[in-house]
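> Just a sequence and a predicted model for now, questions to come.
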Amino acid sequence: MRQRIIAALGIAGLAATGLVACGDDSGSGSGSGGGEKITIGIKYDQPGIGLKEGTNYTGMDVDVAKYVAKELGYSEDNITFKESPSAQRETLLANGQVKMIFASYSITDARKEKVSFAGPYLTAGQDLLVKADNTDITGPDALNGKKLCSVTGSTSAQKVKDKFAKTVQLQEYDGYSKCVEALGAGAVDALTTDNTILAGYASQAANQGKFKVVGKTFSTERYGVGLKKGDTETCTKVNDALKKMVDSGEWQKAFDKNLGPSGLKLDAATNPPKTFDACA
Amino acid sequence: MSGSVLFDAPGPRSKRLYAAVGVASIVALFLALWFVIDRFNEKGQLTAAKWKPFLTGEIWTAYLLPGLAGTLTAAAISVVLAMIVGVLLGVGRLSAAVWIRWPCSVIVEFFRAVPVLLMMLFTFALYAHYEVFPPEQYALAAVVTALTLYNGAVVAELVRSGVFSLPKGQREAALAIGLTGGKTMRLVLLPQAITAMLPAIVGQLVVILKDTALGYIITYEELLRKAEQIGNFKVNLLPALIVVGAIFVIVNYLLGLLANRVETMMRRRGRSAGGPLTADPIDQTGGAGLTGVTTGADDTSDTGS
Amino acid sequence: MDVISEFFSEYDGLAAFRTTIYLTLLSAVLALLIGTVVAVMRVSPVRVLQLIGTAYVNIVRNTPLTLVIVFCNLGLFLQLGVSLANKDSNTFINDNNFRLAVLGLSVYHASFVAEAIRSGVNTVPLGQAEAARAIGLPFLKTLRYVVLPQAFRGAITPLGNVLIALTKNSTVASVIGVTEASAVMKVMIENRPDVLFVVFGIFAIGFVILTLPVGMLFTSMSKRLAVKR
C-alpha cells in the first residue's frame, strides 16, 4: 500500500519536473552565442511601441532598446525581452528582474524616487483616440458626460477626470487591447493614453480607417530608460548610446519605420531628443 | 435502464408533453445560438482574418503551447506541493499534542479563508521586495505559493475527513498490537486515508488548473496572458479568449473523467477500509453522469466534510 | 501605523469591502436560482433538458472564473449589446460592470450549486420519491413538495462551501474594473510596498471576518436542519 502511494507521488513529481523542463526551454532559448546576457523590459501589447509578434518583437521601444544594448556590448542574441506592465515597472527594476526598461515609461519626480532614468529618448503627450467618424470630441474638455477608457492605474484618465471633465465616466481594464475592443464596439467614446501608443493602434492593419488620434495633447511625456535606482554608470552609457543613435540618423529611421505610417506628428522642438537629463 | 425514481414511466400524454418541452428547448437553444452568431457576425467577430491565425503553426508554437505549458507547469508543481503541505497540516490537526494541533488548525482555517488572488498579489510583491527567487521565477513562484497554500489547506481537510471516515477498528487494532500513536497514523491510518483521497485530489487538480488563470494578473505567462498577446498581435482578442476557454474546458473535462476513473477503479479494488472519498462537493466531477439521478440509490456514502 | 488610517480614509477600504459583500450576496441569490433550475433540468424526464443541464455544468465548471467574467464584459456587453444598467445614467459604467460581474459570478457558481443540490437529492431516501409518486404527484410536484425541501437541507454543507468560495471569488471582478477589496489592495501594495505585510494583513483579516462566521453558521445549520431519519 505504502509503496503504491510513494510510486504515485513519484510519478506526479516526475510529471511536474518534466513539465518544468518543457516550460524552461521555451523561455531562454539557445544561448549558444556566448557573451554576457541582458534582460530588457518592454511592453508586449503596444503596437508601434513594443509588441510581441510570434517570436519577434517590434516597435520603437524595441528598436531603441536593441541599439542601446548593442552599444553597451550585448549582441542581439543575448537580449532577453521581458514583459513590463505599467504597474510593475518599478518593482521589476528594484528586484533586478530586468536591467533596463524601454516601455513608454515617462520620467516623473515621483518615479525618480524609486528608479533612475536615462534619456529621454522620445517626447510624447497624452491624447485621445476616437472613432474615425467622431466629430464632437475635440479634446479632453469635451469629455463631460462621455465614457473614457484606460488601463488600471493610468495617470492620463485621472488627469482628464480631475482637470478637464469632472463628469466623465471611467472604464478601467487591465490592457489597452480591451479598451480598443470597447471603443470599436461603441461602448466607450474615447481611449486615452500617450499619442504614440494611440497612433500604434490606429495604424494596425486590421484597425486602419477605424480610429483617429484627436491630436490635442494635454501633457508632456518624456520617455526615459528605466534603470535600477542609483545605477549612474549604466545611465551615462545609455545616454551616450542614445546620442549616437540620434546623430547617426538611426533614431529617425526607427521612428519612420514604427510610427511614421500612422501620420503621427511629434513635437519637433523635443524630437528627436537633443539633450539628455544629467544622470543622478 | 429503468430510469429515474422521480417520475413514472410516461404514458401517451406525458410522452407528448415531454416531446413538446424537448422540442421547445431545442428551438430556444438554437434561437439563442443564432442570436449570438448573428451579433458576432454583425460586429465583425467571425471574419476569416480573426480566426485563421489559429490554423497557423506560429500561433500555436509561439503562444498557445507555451501558454499551456505555463498553465500545466504551475498546476503540476502546485498539486505536488499542496499534497505535501496538506498531509503535514492534516496530520498536525489530528495530533494529540495541543501545541501542534492548534497552530495547524489556525493555519488551515486562515488559508482557506483568504482569496487565492489576494495571496498571489501579496506573494508576488513579497518575492519582488525581498528577492527570494531568481528574477524570472517571481511570477511562477507567487502562483505556486498561493495555490499551494490554499489547496494545501483543502487537502489537509481531506486528510482529516479521510482518517475520520476509516472504521474505528483500524485505529484500535493498531494500538492493540502495540503501535505508538505516531506509528498508527503513519503505518495504518494515513496510507488508507490517502488512497481514499486520490479521486478527490485529481478533482482538486481541476480547481488548481483553473486558478492558475489568476496568474495572468501578476504577468505569469499562462494561457490567458497569451490570449491577450494574440489579441494585440492579430487584433482578435475575443476569438483568442474563446479558443483559450475551449482548451481549458477540454483539459479540465479530461481530468474530471480521470478522477471518475480513479474513483471507480478504487471502489472496485476496495483496498481501503473506508471506501473512496468522492471529489470535494463543490468541485465534484459530475463527468459522464447523463443517466439522471437515482434518489438515494446511488452511493456517495462518505462525501467528505 | 498610518497605513491603517490610510486604508479607511484615502483608499476607502470599507467601501471596497462593501462592494465585495454586495457582489457576494446578490450573486449568491442568483446562483441559487440558476443552480436549482439546472439541477432540476438534470433530473427531469426530458432528455434534452438533461443534456443541456449536463453540458452547462461541464462547460461552466471547467472554465476559469476570470474568463467567465471577461466574457460577460467583452462578449455579452460589447458584442451582444446586452447592458444591465441605464445607458443614460452618469454611473452607467460602474453599474453595468458591477451587474455583469454579478451575472458572471452567478453563472459560474450556479454550476457548483447544481452539483450541491444533486448531492442533496442523493441524500433523500428512495422511499420518499416512491411514496410521492404513489400518491399521484407528477414530477414537478414530487420535486417541489417532497424531494427538494429535503435535498436543500441535505445540501447545506456543500452550499455553505459554495458561498464561502463565492465570497473569495468575488475578488476576480476586479478584472473588468469593479473596485472591490482586491483591486484596492493591489493599488495599496503598489503605493506602499514598504508596509506590505500590514496591507495584506488588513485585507486577509477582512476576508477571514467575512468567511469564518459563514462557515460556522452553515455548520450549525446543517446539524439543526438535518432531516431526522
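Nice, I can see it.

> Output the set of residues of the stretch 101-250 of chain A in proximity to chain C.
A:145, A:147, A:152-153, A:167, A:169-174, A:178, A:181-182, A:185, A:187 (Cβ under 8 Å from any Cβ of the partner chain). C-betas here are computed from N, CA, C, even on glycine.

> Find me whatever residue is spatially closest to the closest residue to chain A within the stretch 201-305 of chain B, sequence neighbours aside.
Here the residue of the stretch 201-305 of chain B nearest chain A is B:Val235; by Cβ to the nearest Cβ that distance is 3.8 Å. Once flanking residues are discounted, B:Val235 sits nearest to A:Ala206: 3.8 Å by Cβ to Cβ, 6 or more residues apart in numbering or on different chains.

> tell me how far stretch B:256-274 is from the chain's mean position?
17 Å (Cα atoms, centre = their mean, to the nearest Å).

> The helix or strand of chain C with the lowest mean pLDDT vs chain B: in contact?
Across the helices and strands of chain C, mean pLDDT, DSSP states H and E gives its lowest value to helix C:2-8, namely a mean of 83. No: Helix C:2-8 lies apart from chain B when judged by Cβ under 8 Å from any Cβ; the minimum separation is 14.0 Å.

> Let me know how buried residue 202 is, in neighbour terms.
If you meant another chain, say so; for now it's chain A. By other Cβ atoms under 10 Å in any protein chain shown, 25 other residues sit near A:Ala202.

> um, chain B though
Using other Cβ under 10 Å: B:Val202 sits among 21 other residues.

> What residues does it make contact with?
Residues in contact with B:Val202 (Cβ atoms under 8 Å, 6 or more residues apart in numbering or on different chains) are B:Leu255, B:Leu258, B:Ala259, B:Val262, B:Ala279.

> Out of these, which comes closest to A:Val115?
B:Leu255 (43.0 Å; Cβ to Cβ).

> Put the alpha carbons of stretch B:206-217 into CSV.
In CSV, the C-alpha atoms belonging to stretch B:206-217 read as follows (Å, rounded to 0.1, in the frame of the first residue of the first chain):
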residue,chain,number,x,y,z
VAL,B,206,-9.1,20.8,-11.9
VAL,B,207,-9.5,23.6,-9.4
ILE,B,208,-5.8,24.3,-9.4
LEU,B,209,-5.6,24.3,-13.1
LYS,B,210,-8.4,26.9,-13.4
ASP,B,211,-6.9,29.0,-10.6
THR,B,212,-3.6,29.3,-12.5
ALA,B,213,-5.5,31.6,-14.8
LEU,B,214,-5.4,34.2,-12.0
GLY,B,215,-1.7,34.3,-12.6
TYR,B,216,-2.2,36.5,-15.6
ILE,B,217,-3.0,39.3,-13.3
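
> Give me the average confidence score over that stretch.
Computed over stretch B:206-217, the mean pLDDT rounds to 91.

> Neighbours of the residue of the stretch 201-305 of chain B closest to chain A, how many?
Neighbours of B:Val235 (other Cβ under 10 Å): 22.

> tell me the phi and psi of C:Phe112?
phi -80, psi -40 (degrees, to the nearest 10).

> Now do it against A:Asp194, distance only.
Using Cβ to Cβ, to the nearest Å, C:Phe112 is found at 43 Å from A:Asp194.

> Of the contacts of B:Val202, which is the nearest to chain C?
Nearest to chain C out of the contacts of B:Val202 is B:Leu255 (Cβ to the nearest Cβ; 8.5 Å).

> burial count for the closest one?
B:Leu255 has 20 nearby residues by other Cβ under 10 Å.

> OK, contacts around the residue nearest to A:Ile42 when sequence neighbours are not counted?
Distances taken as Cβ to Cβ, 6+ apart put A:Gly50 closest to A:Ile42, at 3.9 Å, once the chain neighbours are dropped. By Cβ under 8 Å, 6+ apart, the contact list for A:Gly50 reads A:Ile42, A:Lys43, A:Tyr44, A:Tyr57, A:Gly59, A:Met60, A:Asp61, A:Val62, A:Phe102, A:Ala103, A:Ser104.
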